[in-house]
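Enquirer: Everything below, folded, please.
(4 chains, ligands or ions: 2)
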2 protein chains.
Amino acid sequence: MARLPEYLRALHNLAETGHDTVSSEGLASAAGVNSAKLRKDLSHLGSYGTRGVGYDVALLIEQIEYVLGLTQRRAVALVGVGNLGHALAGYAGFATRGFRIAALFDADPSRVGERINGLVVHHIDDLTQIAAAESIAIGVIATPAPAAQSVADQLVAAGVTSILNFAPCVLSVPEGVDVRKVDLAIELQILSFHEHRKASLTSLPATGPAGGLTALPGGLSATGTEEAVGT
Amino acid sequence: MARLPEYLRALHNLAETGHDTVSSEGLASAAGVNSAKLRKDLSHLGSYGTRGVGYDVALLIEQIEYVLGLTQRRAVALVGVGNLGHALAGYAGFATRGFRIAALFDADPSRVGERINGLVVHHIDDLTQIAAAESIAIGVIATPAPAAQSVADQLVAAGVTSILNFAPCVLSVPEGVDVRKVDLAIELQILSFHEHRKASLTSLPATGPAGGLTALPGGLSATGTEEAVGT
DNA sequence: CGCGATTTGTGCACGACTTCACAAGCGCCT
DNA sequence: AGGCGCTTGTGAAGTCGTGCACAAATCGCG
Ligand SMILES: NC(=O)c1ccc[n+]([C@@H]2O[C@H](COP(=O)([O-])OP(=O)(O)OC[C@H]3O[C@@H](n4cnc5c(N)ncnc54)[C@H](O)[C@@H]3O)[C@@H](O)[C@H]2O)c1
Ligand SMILES: NC(=O)c1ccc[n+]([C@@H]2O[C@H](COP(=O)([O-])OP(=O)(O)OC[C@H]3O[C@@H](n4cnc5c(N)ncnc54)[C@H](O)[C@@H]3O)[C@@H](O)[C@H]2O)c1
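Expert: Numbers count the residues shown, from 1 in each chain, chains lettered A, B, ... in the order given. Ligands and ions are numbered 1, 2, ... in the order given. As a prediction, the model looks like this:
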C-alpha cells in the first residue's frame, strides 16, 4: 500500500519519543488515517500485533522497512541540478529515510564539475557508466519538461527501473518501469478547486462564463487529505 | 476531480501546438489516462464536446479553469524560505498556471528582509496583517517538520483555508481547511517498494527477517502512475 | 485461577471508481 | 438529401477500497 511509508514515519516518531508499543488507534491518529484501515493494512503484511496490547514499534518498523525494500540503502540518481535540483541534492531527509543520492547529472557543461553537498555534478552522457558502477535503480528527474522524456529514456537505457518525475509532463516508459510524478502546480490547482467550491457554497452562486455550472452538477470526489480537529 | 489539472496542462500543450480540437482519445493519451474515464470526467462538468468531432480546446480550457477557480489569479503565501523555499520562490511554473506568490515568510531574523525573485521575506509575525491585505487564501509550508504545526495554526488564524505542506508530518487543522501534503521521501519509498517487489519476482524469494513474507501474502495495490509504451 | 478490560484481526455491506460497450448525434462526402 | 463513419455521452457491470461492528485473543488484577 501507498500508506505504509506514512505509517513508517509515524512509527519512527513514536520510537524516538520512547514508545515501545502502539495501539492501532494511536498509530492511526499519528498517521492521519482510520484505525480500521490501518489494522487492515497491517494485517495484509501478516502483521505481528498482540491483542489487548498493540503493536511492537521496533518490530513493526522492521517489518515495514523490509516490505518497502529499505533494508538496503538504495542509490538514487538526480538529473537536472537547477533550482529544484539544488534543493533536492541538499535535502537531508533522503538520507535519513533509506536513500543515498549516489550521483548528480546535468546537461549544462558549465554545471558539470560543480560540487554540491559533497557530490560532483556529472555530465548526463556518463549516466550509463556511473549508474552501473553505483547500481542505481531509481532516478529523479528535475529538468525542464521538454527534456524530461529524453532524460527518462536515458535513465531507462541505463537500467533505471523507477523514476520520480518533477517535470510537468507525462512520460512514456517501457513496461516494467515505474513512474511517479510530483507536480506542485497541480497540487495548488486542486486546492484552488476546493477554494472555489467553498466560495460557491457560501456566497450566492454567480453565473459561470458559459452557462450555469457553478457548484458542480454532480458531486465530485477530489482525492484529498483533509481536516482532523486539533488537540 | 483531481485529474482536471492534468487535463488542463495537456490542453495548454495542445493549444500551443496549434490544435483547435481534440478527440477524447487524443486528450486521454496526452494526459495519460483512459479515454472512457476522461469522457466521463468531462461529462461531469456538463461539457461541451461535439460528437463526430471532439472537444474545442479553447472552450474546454476555459471550462476547466472556471471549475478549478483559476479565473482569478490566486495569491499564495510561502512560509519557510530555506533550501526548498528558495527553489519554490524562484519557480516560474506557479505564475504560468494561475498562481501568484504574494508573500514570503520566515522566522529566522537573519532571513527577514532578504529579497528573492523580487519579493521581500517578511517575518512570520506579520503574516496575519499581510495575508489580509493581499487576500491570501492558500499557504505553502516549507519549514522543518517540528515547526509545521505551529505555522499551520498561524496560517489558519490568518484566514488561510488551503495549505500545501512539504514538511513530513501530519497537520491538525479545523474543519473547512484543506491540507495537501507532498512528501518526497514517501514517493521514493513507494518506488523502493516496487523495486523490492520486482526483485522478489525475478530472483528466488530470499527469506525475510521475521519469517516468510517476501512477495507480500495478499496482493497490494499501490496507487501509482505507471507504464505506457513509447512512440 | 478466573474474569473483565482492552485491542487485534476480519467478515460484511456499502459506496466509489473504473472500464466496457453501445446508442445517439454530428459532420462530411457523394 | 441521404448515408456513412467518427466521436461523444452514458448505462451497466465489475472491481476495488472503506469503514463498521464484532468475535477471538491476550494481559493484568484480584
Ligand atoms: N523550482 C521549483 O521549485 C520547481 C517546483 C516544481 C516543479 N519544478 C519543475 O522541476 C523542473 C526543474 O525546475 P528548475 O526550477 O530546477 O529548473 P532549472 O531551469 O533551474 O533547472 C533545470 C536544470 O536541468 C538541466 N537540464 C536541462 N536539460 C537537461 C538534459 N537534457 N539533461 C540533463 N539536465 C538537463 C539544466 O541544465 C538545468 O540545470 C522543471 O520541470 C520544473 O517545472 C520546479
Ligand atoms: N530541501 C528539499 O529538497 C526538501 C525536499 C522534500 C521535503 N523537504 C521538507 O521541506 C521542509 C523545508 O526543507 P528545507 O530543506 O528548505 O529546510 P531548511 O532548514 O533549509 O529551511 C527551513 C526554513 O524554515 C524556516 N523556519 C523554521 N521555523 C520556522 C517557523 N516557525 N516559521 C517560519 N519559518 C520557519 C527556517 O528559518 C528556514 O529558513 C522540511 O520539512 C523538509 O523536510 C525539503
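Enquirer: okay, CA-based contacts and neighbour counts for the rest of this
Expert: OK.
Enquirer: Run the contact check for stretch A:174-185 versus chain B.
Expert: Yes. Interface with chain B: stretch A:174-185 contributes A:174, A:175, A:176, A:177, A:178, A:179, A:180, A:181, A:185 (Cα under 8 Å from any Cα of the partner chain).
Enquirer: I'd say the fourth one and residue A:164 touch.
Expert: No. At 10.9 Å, residue A:177 does not count as touching residue A:164 under the criterion of Cα atoms under 8 Å.
Enquirer: Please enumerate the helices of chain A.
Expert: A:4-16, A:24-31, A:35-44, A:57-67, A:83-89, A:127-134, A:145-157, A:184-202 (DSSP state H).
Enquirer: where does chain A have low pLDDT?
Expert: Flagging of chain A using pLDDT under 70 yields the residue ranges A:203-231.
Enquirer: again, only using 50
Expert: Along chain A, the model assigns pLDDT under 50 to residues A:205-219, A:224-231.
Enquirer: picking that back up, any chance of the helices of chain A in JSON lines with distance to residue B:74 and mean neighbour count as columns?
Expert: JSON lines is the format used below for these (distance: least, Cα to Cα, whole Å; neighbours: other Cα atoms under 10 Å in any protein chain shown):
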{"stretch": "helix A:4-16", "distance to residue B:74": "30", "mean neighbour count": "19"}
{"stretch": "helix A:24-31", "distance to residue B:74": "30", "mean neighbour count": "19"}
{"stretch": "helix A:35-44", "distance to residue B:74": "36", "mean neighbour count": "16"}
{"stretch": "helix A:57-67", "distance to residue B:74": "40", "mean neighbour count": "19"}
{"stretch": "helix A:83-89", "distance to residue B:74": "23", "mean neighbour count": "20"}
{"stretch": "helix A:127-134", "distance to residue B:74": "40", "mean neighbour count": "16"}
{"stretch": "helix A:145-157", "distance to residue B:74": "24", "mean neighbour count": "18"}
{"stretch": "helix A:184-202", "distance to residue B:74": "8", "mean neighbour count": "19"}
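Enquirer: and of those, who's closest to residue A:107?
Expert: Checking the helices of chain A against residue A:107 by Cα to Cα gives helix A:145-157 as the closest, at 9.8 Å.
Enquirer: Now do the buried residues in stretch A:48-59.
Expert: A:49, A:54, A:55, A:56, A:57, A:59 (16 or more other Cα atoms under 10 Å in any protein chain shown).
Enquirer: closest to ligand 1 among those residues?
Expert: Using Cα to the nearest ligand atom, residue A:57 comes nearest to ligand 1 of the buried residues of stretch A:48-59, at 35.1 Å.
Enquirer: Does the closest one touch residue A:19 like I think?
Expert: Yes. In this structure, residue A:57 is within contact of residue A:19 by Cα under 8 Å, at 7.3 Å.
Enquirer: where does residue A:161 sit relative to residue A:65, distance-wise?
Expert: For residue A:161, the distance to residue A:65 (Cα to Cα, to the nearest Å) stands at 20 Å.
Enquirer: Residue A:44 now?
Expert: 15 Å.
Enquirer: Is residue A:119 in contact with residue A:105, as I believe?
Expert: No. Between residue A:119 and residue A:105 there is no contact under Cα under 8 Å: 10.2 Å.
Enquirer: Which residue of these two possesses the greater neighbour count?
Expert: Using other Cα atoms under 10 Å in any protein chain shown as the criterion, residue A:119 and residue A:105 rank with residue A:105 on top: 24 against 15.
Enquirer: which residues does that one contact?
Expert: By Cα atoms under 8 Å, 6 or more residues apart in numbering or on different chains, the residues touching residue A:105 are A:77, A:78, A:79, A:80, A:81, A:112, A:121, A:122, A:123, A:124, A:127.
Enquirer: where's residue A:52 relative to residue B:63, distance?
Expert: From residue A:52 to residue B:63 the distance is 54 Å (Cα to Cα).
Enquirer: wouldn't residue A:191 be in contact with residue B:162 here?
Expert: Yes. Under the criterion of Cα under 8 Å, residue A:191 makes contact with residue B:162 at 6.0 Å.
Enquirer: near DNA strand C, which residues of chain A show up?
Expert: A:22-25, A:36, A:39-40, A:42-44, A:46-55, A:220-223 (Cα under 7 Å from any atom of the strand).
Enquirer: who in chain A is up against DNA strand D?
Expert: Contact residues (Cα under 7 Å from any atom of the strand) of chain A with DNA strand D: A:33, A:34, A:36, A:37, A:50, A:51, A:52, A:53.
Enquirer: Among the residues you listed, which one sits closest to residue A:97?
Expert: Among those, and counting by Cα to Cα, the member closest to residue A:97 is residue A:33, at 21.1 Å.
Enquirer: residue in chain A nearest to DNA strand D?
Expert: Closest residue of chain A to DNA strand D, Cα to the nearest atom of the strand: residue A:52 (4.0 Å).
Enquirer: re the thing from before, in a markdown table: the residues of chain A next to DNA strand D, plus distance to ligand 1.
Expert: Listed next are the residues of chain A next to DNA strand D as a markdown table, based on distance: Cα to the nearest ligand atom, whole Å:
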| residue | distance to ligand 1 |
| --- | --- |
| A:33 | 27 |
| A:34 | 31 |
| A:36 | 35 |
| A:37 | 32 |
| A:50 | 44 |
| A:51 | 45 |
| A:52 | 46 |
| A:53 | 44 |
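Enquirer: Could you single out the nearest of these to residue B:12?
Expert: Lowest distance from residue B:12 to those (Cα to Cα) belongs to residue A:33, with 36.0 Å.
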